[in-house]
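Q: coordinates only, no sequence provided:
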């Protein structure tokens, strides 16, 4: 059957796979599985393998109605859904072809709800479509968060607004409306280590992901390492485009060390190319007026920072390190030892 038709060689790989399945499971089981697949008018070797794995090859099939009579014992989720709803394999196949296979796990509950609530056909359809929208939105958010690769897991709900760190709280709250992101503007968080700059930046990035924006988070040192390594295979332009593509780029920890000549040029390219095209957040332990000294070339520095800072909302943060405050205190015995050692010193 597989090799019939005008172009039999197009299915040689499937035929070879079928032979390998026969070696693994035995010819009798594979022949029975093939017969079952043909009863449903299927010429899919992958489906034959699935039939054998779930031990369905001996289960009878009603060829007229296309309904499977399942074997007793352990059932997969898909088989339970088919059993509960009396769905035909053709309907399942059509849902999957339309990329609506995600509806299958919720169908039993939705059918029960529709029957109990006497929903009309239109209301039932609206319910199913909303389920699919919610599922795709959730899946899309998961993918965007994975692609963002945030330094910290932070959300707006996790922010402690009454921390001892001093900053313009009202203004930062306003940032979460993302008006600046819509205008392709920038945000700068400056302050000493441990005051929560990266946390607030990641929380803003998380909100942007929720709103459907593409976000990417990276330490400045890693960004410059990536652009440097891209020159080994002349892929710098492609690497640069990958940093220009996100709606929001979060650059963490600018100012840890001075930039070399090539690093200054690469960082300049990123900032200037993103100017008025997309939003950027930078966190730094240095004030903005100290950034020029980080560049190898002051001309590049002044031009890049003039454009970037001109469209940037700056938040200065001051206060004790939150990491030090939240660090566990040492046991009492060790504390006395360290205190006595300090007094001796």
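A: Now that the structure is in, tell me what you want to look at. All values reported here derive from a predicted model rather than from experimental measurement.

Q: from now on I want contacts and neighbour counts done on CA atoms only, so please keep to that.
A: Will do.

Q: how far off centre is stretch 301-317?
A: Mean-position distance between stretch 301-317 and its chain equals 29 Å (C-alpha atoms, centre = their mean, to the nearest Å).

Q: name the residues of that stretch that are buried.
A: 301-302, 304-305, 308, 311-317 (16 or more other C-alpha atoms under 10 Å).

Q: which outside residues touch it?
A: Stretch 301-317 is contacted from outside by 165-168, 172, 185-192, 195, 197, 264, 268, 271-272, 275, 291-292, 295, using C-alpha atoms under 8 Å, 6 or more residues apart in numbering.

Q: check which helix or strand covers residue 281.
A: strand 279-284 (DSSP states H and E).

Q: buried residues, that strand. List them.
A: For strand 279-284, by 16+ other C-alpha under 10 Å, it's 279-284.

Q: how about the strands in the protein?
A: With DSSP state E as the criterion, the chain has strands at 61-62, 67-68, 186-190, 215-219, 248-254, 279-284, 312-316.

Q: follow-up on the earlier one: what pairs with the strand holding residue 281, parallel or antiparallel?
A: Strand pairing for strand 279-284, using DSSP bridges, gives strand 186-190 (parallel), strand 248-254 (parallel).

Q: and the first one, average pLDDT?
A: Meaning strand 186-190. The pLDDT scores in strand 186-190 average 97.

Q: please renumber so the chain begins at 54
A: Happy to do that; since the first residue is 54 now, the last one works out to strand 239-243.

Q: contact partners of it?
A: Counting by C-alpha under 8 Å, 6+ apart, 233, 250, 254, 332-341, 361-362, 364-370 sit against strand 239-243.

Q: now render the strands paired with strand 332-337 as CSV, adding mean neighbour count and distance to residue 86.
A: Below are those laid out as CSV (neighbours: other C-alpha atoms under 10 Å; distance: least, C-alpha to C-alpha, whole Å):
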stretch, mean neighbour count, distance to residue 86
strand 239-243, 24, 61
strand 301-307, 24, 52
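
Q: outline the domain layout of the protein.
A: 54-127, 133-193, 202-377 (automatic domain parsing).

Q: most packed of those?
A: Comparing the domains of the chain by mean neighbour count (mean count of other C-alpha atoms under 10 Å), domain 202-377 comes out on top with a mean of 17.

Q: what distance separates it from the centre of its chain?
A: 20 Å.

Q: go on, stretch 199-212?
A: Taking C-alpha atoms, centre = their mean, one finds the center of stretch 199-212 at 11 Å from the center of the full chain.

Q: excluding its backbone neighbours, what's nearest residue 329?
A: residue 237 (5.7 Å; C-alpha to C-alpha, 6 or more residues apart in numbering).

Q: who are the contact partners of that neighbour?
A: 328-333.

Q: now residue 209
A: So residue 209 contacts 229, 256-257, 260 (C-alpha under 8 Å, 6+ apart).

Q: adding distance to residue 162 and pLDDT, write the residues you listed out as CSV.
A: What follows is the contacts of residue 209, written out as CSV (distance: C-alpha to C-alpha, whole Å; pLDDT from 0 to 100):
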residue, distance to residue 162, pLDDT
229, 36, 97
256, 35, 96
257, 36, 97
260, 31, 96
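
Q: I'd say residue 184 and residue 157 touch.
A: No: the criterion here is C-alpha atoms under 8 Å, and residue 184 misses it with residue 157 at 10.6 Å.

Q: can you tell me the closest non-neighbouring residue to residue 250?
A: Of all residues not flanking residue 250 in the chain, residue 242 sits nearest, at 5.7 Å (C-alpha to C-alpha, 6+ apart).

Q: from residue 255, how far out is the one you found?
A: 11 Å (C-alpha to C-alpha, to the nearest Å).

Q: returning to that earlier point: possible to save the strands of the chain as TSV with distance to residue 87?
A: Output for these, formatted as TSV (distance: least, C-alpha to C-alpha, whole Å):
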stretch	distance to residue 87
strand 114-115	12
strand 120-121	15
strand 239-243	61
strand 268-272	48
strand 301-307	52
strand 332-337	56
strand 365-369	65
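
Q: among those strands, which is nearest residue 285?
A: Set against residue 285 and scored by C-alpha to C-alpha, the strands of the chain come closest in strand 268-272, at 20.9 Å.

Q: rounded mean pLDDT for the closest one, please.
A: 97.

Q: could you list the paired strands of it along with their orientation?
A: As assigned by DSSP bridges, strand 268-272 forms pairs with strand 301-307 (parallel).

Q: point out where the stretch 254-398 of the chain drops to low pLDDT.
A: Counting by pLDDT under 70, the ranges of the stretch 254-398 of the chain that qualify are 376-398.

Q: what about 90?
A: 284-287, 329, 351, 353, 359-360, 362-364, 374-398 (pLDDT under 90).

Q: which stretches of it form helices?
A: Using DSSP state H, counting those that start in this stretch, the helices of the stretch 254-398 of the chain run over 273-283, 289-297, 314-327, 351-363, 375-379, 385-397.

Q: cool, the stretch 104-253 of the chain as well?
A: Going by DSSP H, counting those that start in this stretch, the stretch 104-253 of the chain shows helices at 130-138, 142-150, 160-169, 174-201, 222-228, 232-235, 250-263.

Q: as a markdown table, those helices with distance to residue 272 would be great.
A: Listed next are those as a markdown table, based on distance: least, C-alpha to C-alpha, whole Å:
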| stretch | distance to residue 272 |
| --- | --- |
| helix 130-138 | 43 |
| helix 142-150 | 41 |
| helix 160-169 | 44 |
| helix 174-201 | 12 |
| helix 222-228 | 22 |
| helix 232-235 | 20 |
| helix 250-263 | 10 |
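
Q: much appreciated, bye for now.
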